[in-house]
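1. the following comprises the amino acid sequence and a computationally predicted model.
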Amino acid sequence: MIKWGPTAKAALVLTLAQLMYGGNLVAGRIMAQRINPFVLAALRGWVGMVVLSFFAFWQIRKVPRPKWRDMGLLALVGSMGITLAYLTYLIGLKNSTATNAAIITAALPAVTNALLIVGWKVKPSRLEVVGIGTSFLGLLFVFTQGSITELLRFRMSYGELVLCGNVLVSALFSILGQKAMKRFSPLVVTFYASFWGTLFLTPFGVWNVSRVNWNIGWSGWLLILYMGGVITGLANLFNLYGIKLIGSGRAAIYGNMSPVFGILLSGVILGEHLAWYHWVGFTLVMTGVVCGVSQTNLIHKPQTKAKTSKL
């Protein structure tokens, strides 16, 4: 019987996660101008905790409670992937254009693998390097509209600097999350990381709650529900599960799909025009992803027992 291998499972959950993250770019662009980023980050964190509780309650009851040393690691994962990642992302979007934000976040795979090389002595294969480069080339093609002039116009502002910090903490979240999953399941890691990360966010949200205009309408609350329940709850879970299957370095290559999905969803939801260079760039990104993960077989075939010699 043929069974799907870990790479195929990872491809499914990571692609779904990046599709959700792409939707987060659209939601973030809308909500960053409506509500204080500290309050929005705290709200989406607690909404995500409610969603995760439904999935994680029974599993957490069955597994041993993390020791204080493990809890420290989970708190660190949460501070990187929830607290700092949410704040830097929303503050960056508020003070930058969506195009520049997408260009910067596209550096996540390269930064993740650079950290693995420097801090963890893990070197990517040639195909992974080719995949990262091809995907990034596709993103640049989209963002520059096939013109080098657009690239030369890029200037680093306060918002872009904050987004660079977002890339760094997101890369650390993936690497430290992989370490935590050596002891706990992706669901348990996601739950505890979300709990600690949201707990750290709460004081910032409470402090800034007076600056919020609560007349954001029902559409705004639906977007908060999406950013909290879908992104914090499901997308982070899918992302960590994919990392557990194929490792943070290879899983990071899928991160190049997120801004492309964001652009495509902007066309569908916001009515933004999709030009020919969008489709060329999307093709290059997908080609890079295939190159980066192609060393592991998608289909796992159980090995047959070797015949023993009678000599």
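-> It's in.

2. contacts, neighbours, all on C-alpha from now
-> Will do.

3. output the below-cut-off pLDDT ranges for this protein.
-> Residues of the chain that meet the criterion pLDDT under 70 lie in 1-3, 97-100, 103, 151, 154-156, 270, 272, 293-311.

4. which residues in it form strands?
-> Using DSSP state E, the strands found in the chain span residues 3-4, 299-300.

5. from W46, how far out is Q59?
-> Per CA to CA, to the nearest Å, Q59 is found 20 Å from W46.

6. and those two? which has more neighbours close in?
-> Each of Q59 and W46 has its neighbours counted (other CA atoms under 10 Å); W46 has more, 23 against 13.

7. what's the nearest residue to the more buried one if we skip its chain neighbours?
-> T198 (6.4 Å; CA to CA, 6 or more residues apart in numbering).

8. what about the one you found, neighbour count?
-> Around T198 there are 27 other residues, counting by other CA under 10 Å.

9. identify the residues contacting it.
-> For T198, the contacting residues are A42, G45, W46, G78, I82, T83, taking CA atoms under 8 Å, 6 or more residues apart in numbering as the criterion.

10. what sits against the second one?
-> In this case it means G45. By CA under 8 Å, 6+ apart, the contact set of G45 is I82, S194, G197, T198, L201, G228, T232.

11. compare those and tell me which is most surrounded.
-> The residue in the contacts of G45 with the most neighbours, by other CA under 10 Å, is I82 (30 neighbours).

12. that residue reaches F195, doesn't it?
-> No: judged on CA atoms under 8 Å, I82 makes no contact with F195 at a distance of 9.1 Å.

13. inside helices: which ones of the contacts of T198?
-> Secondary structure of the contacts of T198 is defined by DSSP state H; positions in helices are A42, G45, W46, G78.

14. V268: which of the residues you listed is nearest?
-> Sorting the ones in helices among the contacts of T198 by how near they are to V268, with CA to CA, puts G45 at the top with 26.7 Å.

15. what number of residues are in the vicinity of I243?
-> Other residues near I243 number 24, with proximity taken as other CA under 10 Å.

16. for Q33, that is, sorry about that
-> There are 13 residues near Q33, going by other CA under 10 Å.

17. returning to that earlier point: which ones among the contacts of G45 are found in helices?
-> Short answer: the contacts of G45 in helices (DSSP H) are S194, G197, T198, L201.

18. just give the nearest non-adjacent residue to the first one, would you?
-> When you say that, I think you mean S194. In this structure, S194 finds its nearest non-sequential neighbour in G78, 5.6 Å apart by CA to CA, 6+ apart.

19. look up how far V167 lies from that neighbour.
-> 15 Å.

20. of the two, which one has the most company?
-> Remark: of G78 and V167, G78 carries more neighbours, 28 against 23, as counted by other CA under 10 Å.

21. tell me the contacts of the more buried one?
-> Taking CA under 8 Å, 6+ apart, we find G78 in contact with F173, Y192, A193, S194, F195, W196, G197, T198.

22. over to F38?
-> By CA under 8 Å, 6+ apart, F38 lies in contact with L87, L201, F204, G205, N208.

23. which of those residues count as buried?
-> Neighbour counting with 16 or more other CA atoms under 10 Å marks L87, L201, F204, G205 as buried within these.

24. any chance of those residues in CSV, plus distance to P6?
-> Formatted as CSV, the entries for those read as follows, by distance: CA to CA, whole Å:
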residue, distance to P6
L87, 33
L201, 34
F204, 39
G205, 39
